[in-house]
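> fold the following for me, if possible:
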Amino acid sequence: MGSAATGPGHLRPDPHEPVAVALSGGVDSAVAAMLLKGLGHRVVALHMSLSPHDPGRPGESVRTLAKRLGVPLHSVDLRRAFLEQVIQPFLEVYRRGMTPNPCVLCNPRIKFSLLHRHAVDLGIRWLATGHYARIAPPESDGRLRLLRGRDRAKDQSYFLFGLTRDHLSHALFPVGALLKGEVRKIAASADLPVSSRPESQEICFIPDNDYRRFVEERTGTHLLPARGPVVDVEGRQVGEHDGIHRFTIGQRRGLRIPSSAPYYVVGLEPETNTVRVGRRKDLQRREFLVTDVNWIGIPAPGGPLEALVQVRSRHQEAPAVLAPDTERVLVRFHEPQSAVTPGQAAVFYRGDEVLGGGMIQQVLS
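Below you'll find the model as predicted:
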């Protein structure tokens with residue numbers, strides 16, 4: 001099957017080749033389906049049931065949207081796999097005093113693996129999503145390149161660093177070259193019912209976004225760290241906490257420490273069940289270790305490499321030196337950065353291109 005270009009930074013299937021779209025019920029995936037239909041492709045919508053509270057079938061709003069788009073809708077029940085491969089690791093990371101990012105697990109393990117497998121079972125090679133990211137045509141070595149979305153404010157390449165070369169070979173991001181405002185205009189012009197729907201900032205499997213309650217209910221408070229000390233950077237106890245899973249690096253609210261200047265969480269120490277706090281300047285870090293590294297744009301480098309590194313989804317990437325060994329990468333920023341958080345992803349860029357990334361395991365300084 002072919003991969004002709006539809007424009008800069010895009011791959012697409014041959015004309016009239018079928019394409020599956022992961023239809024979430026939001027505006028981005030709806031416009032992705034609409035754009036592909038406009039190119040003459042036969043589009044099939046796949047709706048995933050993921051959360052434990054999902055009924056296992058698409059809701060009325062998704063069914064209405066698929067009907068308005070004029071595409072067949074298939075329900076894909078992935079709740080068990082999502083529980084085992086995303087939710088349980090999410091809970092375990094919190095138990096270890098780290099802050100997980102479930103989206104970076106879901107994309108390679110669920111969407112572009114299991115959901116794509118369902119598309120293949122339907123005889124469809126290609127899977128499109130509403131991510132704001134782009135795929136550039138292959139280099140001379142045949143390696144595909146993952147790029148940031150054109151809309152930097154909505155760019156989602158950070159969440160896709162775990163995709164492999166095989167994943168990218170059948171992935172499509174139809175809205176990646178568009179601005180969010182353009183996507184909404186396209187939806188409004190087609191009178192799609194999602195054109196003005198506000199975006200959700202929640203973790204998809206925690207509807208009320210109360211991750212603390214979710215972790216406690218799913219894990220059991222008897223398995224979570226109990227009350228413990230809150231200490232400052234000098235080691236002096238300044239308070240007490242109700243469990244380190246309730247805190248994350250950079251957090252300011254909820255510390256209950258009387259002070260003329262605000263405290264921030266600067267460290268979580270599960271070995272001693274301690275929350276360490278400091279002032280804003282104490283959040284600055286320069287070196288950390290990254291594990292579970294996936295290289296996309298380049299082969300695994302054999303020596304030090306200059307790159308831009310992004311340590312949170314809305315962090316402004318900063319220059320750093322990457323020093324890889326066989327199982328991990330030491331990252332050293334040229335200038336210290338705020339709130340480098342174990343459990344989050346560190347993604348490596350060269351300009352707009354994603355070179356690779358991994359999980360922040362340990363902050364060294």
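> distance between the helix or strand encompassing residue 294 and the chain's centre?
Under the criterion of DSSP states H and E, residue 294 resides in strand 284-295. On the basis of C-alpha atoms, centre = their mean, to the nearest Å, strand 284-295 sits 16 Å off its chain's mean C-alpha point.
> next: stretch 141-148.
With C-alpha atoms, centre = their mean, you get 19 Å for stretch 141-148.
> mean confidence for that stretch?
Per-region confidence: stretch 141-148 scores 88 on mean pLDDT.
> which parts of that stretch are buried?
144, 145, 146, 147, 148 (16 or more other C-beta atoms under 10 Å). Backbone N, C-alpha and C define where each C-beta goes, glycine included.
> and if you look at stretch 282-292?
For stretch 282-292, by 16+ other C-beta under 10 Å, it's 282, 283, 284, 285, 286, 287, 288, 289, 290.
> of those residues, closest to residue 117?
For the buried residues of stretch 282-292, the residue nearest residue 117 by C-beta to C-beta is residue 290; the value is 28.8 Å.
> give the contact list for that closest one.
328, 329, 330, 331, 346, 357, 358, 359, 360, 361 (C-beta atoms under 8 Å, 6 or more residues apart in numbering).
> which one of those residues is nearest to residue 86?
Nearest to residue 86 among these, with distances taken as C-beta to C-beta, is residue 359, at 13.9 Å.
> ok, back up a step: make a markdown table out of the buried residues of stretch 282-292 and add pLDDT and distance to residue 254.
Putting the buried residues of stretch 282-292 into a markdown table (pLDDT from 0 to 100; distance: C-beta to C-beta, whole Å) gives the following:
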| residue | pLDDT | distance to residue 254 |
| --- | --- | --- |
| 282 | 96 | 18 |
| 283 | 95 | 16 |
| 284 | 96 | 22 |
| 285 | 95 | 22 |
| 286 | 96 | 27 |
| 287 | 97 | 28 |
| 288 | 97 | 25 |
| 289 | 97 | 28 |
| 290 | 98 | 29 |
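> quick one: low-confidence residue ranges for the stretch 51-200 of the chain.
196, 200 (pLDDT under 70).
> quick one: the helices in it, in order.
60-69, 79-82, 88-95, 103-106, 116-121, 165-168, 180-189 (DSSP state H, counting those that start in this stretch).
> mind listing what the residue lying closest to residue 270 once chain neighbours are set aside touches?
By the measure of C-beta to C-beta, 6 or more residues apart in numbering, the closest residue to residue 270 outside its immediate chain neighbours is residue 97, 3.4 Å from it. By C-beta under 8 Å, 6+ apart, residue 97 lies in contact with 225, 244, 245, 268, 269, 270, 342.
> tell me the buried residues within these.
Buried by 16+ other C-beta under 10 Å: 225, 244, 245, 268, 342, out of the contacts of residue 97.
> distance of the second one relative to residue 97?
Noted for residue 244: a distance of 5 Å to residue 97, by C-beta to C-beta, to the nearest Å.
> returning to what we had before: just name the most buried of the helices of the stretch 51-200 of the chain.
helix 103-106 (a mean of 22; mean count of other C-beta atoms under 10 Å).
> contacts for that one, please.
With C-beta under 8 Å, 6+ apart as the test, helix 103-106 has contacts from 50, 82, 85, 86, 89, 90, 158, 159, 161, 162, 345, 359.
> among these, the buried ones, what's the PyMOL command?
For the buried members of the contacts of helix 103-106, the matching PyMOL selection, counting by 16+ other C-beta under 10 Å, is:
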select buried, resi 50+82+85+86+90+158+159+161+162+345+359
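> nearest to residue 23, of the contacts of helix 103-106?
residue 50 (13.3 Å).
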